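> Next comes the sequence, and after it the predicted model I'd like to discuss.
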Amino acid sequence: MERIPILKLGSFLLVTIQVDMHDELAVRLQDDLTTKIVDSSARGVLIDISALDIVDSFIGRMLAGIASMSKILDAQTVVVGMQPAVAITLVELGLSLDGIKTALNVDRGMKLLRDSLELSEDENLAAGEANGEFESIHASDEN
Amino acid sequence: MESQLATILKKNESKILSQWVEEQKKLGSTRVSNEDLISQCTNFLRLLIEGLQKNKSFSIAGTGWDPIRRCLDEVSRARGLLGFSPSETATFVFSLKLPIFSLLRQEIADSAQLTEETWNATSLLDQLGLYTTEAYQRTREEIIARQQEEMLELSTPVVKLWDGILALPMIGTLDSSRTQVVMESLLQRIMETGSEIAIIDITGVPTVDTLVAQHLIKTVTAARLMGAECIISGIRPQIAATIVHLGVDLAGVTTKASLADAFHVALARSGRTVTKVGGARSEKLRETRV
């Protein structure tokens, strides 16, 4: 069964979409991602769609859905690397995806997540090692 | 009764030619060189006679008249590019009437036949003249279309102001097709340069209506989806008033009065400032000079 891999990177989750999205795959990604956020207590989700050439309204809505669900689970979503053609298509479809943060590439997206969560790079990795132990993050914040 | 037009023309080809060229010179087509005029006339007359010999009908729509129509296409194109007016271009054909009619009068004694042949000649030449005007107009339309295309390319440059800051100075009225080109080139450049801030300067846009505003908002939204931020600058007082009166909602879009202000904001957002080199020293220098 085809699946999109979800990689854990410190306290963030990284999803790179490298195949053509069909509806079933999108729904499965939504399920997998929400489960993974809960399991790993992730604080941020990066979705890299730089290899995605075609979107339809369903995929657009699914991205918005993922963002809203992650927000409820206290994880911020950043969509990175959207192609010009995809951006134009989404705008023409009337999907401005207001709730989603965007960045030009994974690097910038990672920085955006870190800034908005006020984590330094080391803290991000440290949080990943001490998975789920929020005391350690708070402790380092105070220092 | 078989038309004698072809035979009569064939017999007096050189005579008509010289009269026709004289006639045109008299009417003042001095912008075409003498050699060009003679070669155009010779070619046209030869094709006209061939056409008359081959075709039974005097309607130029048939395929038999293809060569002469092509010849007229070329003549009108050449004259259109030289800046001739439509009537001047059509005169090329109509000035042939006088030599042909006077010739017909000499050659044909029978008055009924003369009327018949004159009518044939005039209807044929009228059609050819009108065709010239059409061809002329087609050439002009081609020129207009090409210029429009060139203007589209010229008026949408995306310039790099600083590392990570792009500017798009828009000039001229925005319509759907132009906005599409602008949007595509801006987004493409954002991706190529990895710029996070783009300034859209609308100083050169004469009017902003709801449609233009909507196009702007679309471009801003598309850039945001890619992860870049847009600042709209160059909003003149009247345009600001128009936008408010139209009830266009530009909330969520950063707007600035001038490109300089927008650049300042862009620098601040990317964590940069501009300072004068050797601030204190140049201050002192200025004081001593005063």
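Alright, I've got the coordinates.
> Enumerate the residues of chain A near chain B.
Among all residues of chain A, those adjacent to chain B (criterion: CB under 8 Å from any CB of the partner chain) are A:79-84, A:86-88, A:90-92, A:96-97, A:102-105, A:108-109. For every residue, glycine as well, the C-beta is placed using N, CA and C.
> So which of these are in helices?
Secondary-structure check on the residues of chain A next to chain B using DSSP state H: residues within helices are A:P84, A:V86, A:A87, A:I88, A:L90, A:V91, A:E92, A:R108, A:G109.
> if I look at the third one, how far off is B:L17?
So the one you mean is A:A87. In this structure, A:A87 and B:L17 are separated by 65 Å, where distance is defined by CB to CB, to the nearest Å.
> Pull the number of nearby residues for B:A251.
Using other CB atoms under 10 Å in any protein chain shown, B:A251 is surrounded by 6 other residues.
> Could I get the pLDDT score of it?
Each residue has a pLDDT score; the one for B:A251 is 81.
> What is the three-state secondary structure of it?
Judged by DSSP: H, G, I helix; E, B strand; the rest coil, the three-state class of B:A251 is coil.
> right, and the helix or strand after whichever strand or helix holds B:R140?
B:R140 belongs to helix B:111-154 when assigned by DSSP states H and E. Remark: after helix B:111-154, the chain's next helix or strand is strand B:159-162, criterion DSSP H and E.
> who does that following strand pair up with?
Each strand that pairs with strand B:159-162, with its direction, by DSSP bridges: strand B:165-171 (antiparallel).
> what's the angle between the strand it pairs with and helix B:111-154?
Angle, strand B:165-171 to helix B:111-154, by axes from the mean of the first three to the mean of the last three CA atoms, to 10 degrees: 150 degrees.
> what's B:I100 in contact with, if anything?
Each residue near B:I100 by CB atoms under 8 Å, 6 or more residues apart in numbering or on different chains is listed here: B:L9, B:I16, B:A121, B:L125.
> try it again with 10 Å
B:5, B:8-9, B:12, B:16, B:19-20, B:45, B:48, B:117-118, B:121-122, B:124-125 (CB atoms under 10 Å, 6 or more residues apart in numbering or on different chains).
> and the residue in chain B that chain A sits nearest to, how many neighbours?
Of the residues in chain B, the one nearest chain A is B:L187, at a distance of 3.4 Å by CB to the nearest CB. Neighbour count of B:L187, defined by other CB under 10 Å: 25.
> follow-up on the earlier one: A:A87 and B:L17: which has the busier surroundings?
Neighbour comparison, A:A87 and B:L17: the larger count goes to A:A87, with 27 against 18 (by other CB under 10 Å).
> hey, what's the closest residue to A:K101 other than its chain neighbours bridged with?
Nearest-residue entry for A:K101: A:V78, 4.6 Å, with adjacent residues in sequence omitted and distances by CB to CB, 6 or more residues apart in numbering or on different chains. Here A:V78 sits in beta bridges with A:L46, A:K101, as judged by DSSP bridges.
> Counting neighbours, what do you get for A:V78?
For A:V78, the number of neighbouring residues by other CB under 10 Å comes to 25.
> Quickly note the distance from it to A:L97.
A:V78 sits 12 Å away from A:L97, going by CB to CB.
> Need the residues touching each of those two.
Shared contacts of A:V78 and A:L97, counting by CB under 10 Å, 6+ apart, come down to A:A67.
> max-length helix in chain A?
Ranked by residue count under DSSP H, the longest helix found in chain A is helix A:23-40.
> Give me the helices and strands touching it, please.
Under the contact definition 3 or more CB pairs under 10 Å, 6 or more residues apart in numbering or on different chains; DSSP states H and E, helix A:23-40 sits against strand A:6-9, strand A:12-16, strand A:44-48, helix A:57-72.
> Of these, flag the one that's most buried.
strand A:44-48 (a mean of 25; mean count of other CB atoms under 10 Å in any protein chain shown).
> B:G129 contacts B:E88, correct?
No: between B:G129 and B:E88 there is no contact under CB atoms under 10 Å: 11.9 Å.
> Where do the helices of chain B begin and end?
For chain B, the helices defined by DSSP H occupy B:5-11, B:13-27, B:34-54, B:66-81, B:86-94, B:97-107, B:111-154, B:176-193, B:210-226, B:237-246, B:259-269, B:279-289.
> The longest one to helix B:97-107, inter-axis angle?
Here helix B:111-154 runs at 160 degrees with respect to helix B:97-107, directions being taken by the same axes, to 10 degrees.
> Not counting its neighbours along the chain, what's nearest B:T219?
B:M183 (4.8 Å).
> if I read this right, that neighbour contacts B:R189, doesn't it?
No: assessed by CB under 10 Å, B:M183 is found out of contact with B:R189, at 11.1 Å.
> Under the pLDDT cut-off, which ranges of chain A? List them.
Low-confidence regions of chain A, defined by pLDDT under 70, span residues A:1, A:120-143.
> Contacts only, for the residue in it positioned nearest to chain B.
For chain A, the nearest residue to chain B under the criterion CB to the nearest CB is A:P84, separated by 3.4 Å. Shown here is A:P84, whose contacts under the criterion CB under 10 Å, 6+ apart are B:183-192, B:222-223, B:225-226.
> If we go by neighbour counts, what in stretch B:184-199 is buried?
Applying a neighbour-count criterion of 16 or more other CB atoms under 10 Å in any protein chain shown, one finds B:184-187, B:189-191, B:193, B:195-199 buried in stretch B:184-199.
> Pull the number of nearby residues for residue 39.
Here I'm looking at chain A. The number of residues packed around A:D39, counting by other CB under 10 Å, is 11.
> meant chain B actually
11.
> for chain B, which spans come out with low pLDDT?
Per-residue confidence of chain B (counting by pLDDT under 70) places the weak regions at B:1-3, B:28-30, B:155, B:279-290.
> Name the residues of it found near chain A, please.
Where chain B comes near chain A, counting by CB under 10 Å from any CB of the partner chain, the residues are B:164, B:180, B:183-196, B:217-229, B:252.
> Try it again at 6 Å.
B:L187, B:Q188, B:M191, B:G194, B:K218, B:T221, B:A222, B:L225, B:M226, B:G227 (CB under 6 Å from any CB of the partner chain).
> And the furthest pair within those residues?
Pairwise distances across the residues of chain B next to chain A (CB to CB) peak at 22.2 Å, for the pair B:G194 and B:K218.
> quick one on the thing from earlier: give me whichever of the helices of chain B is most buried.
Of all the helices of chain B, helix B:210-226 has the most neighbours on average by mean count of other CB under 10 Å, namely a mean of 21.
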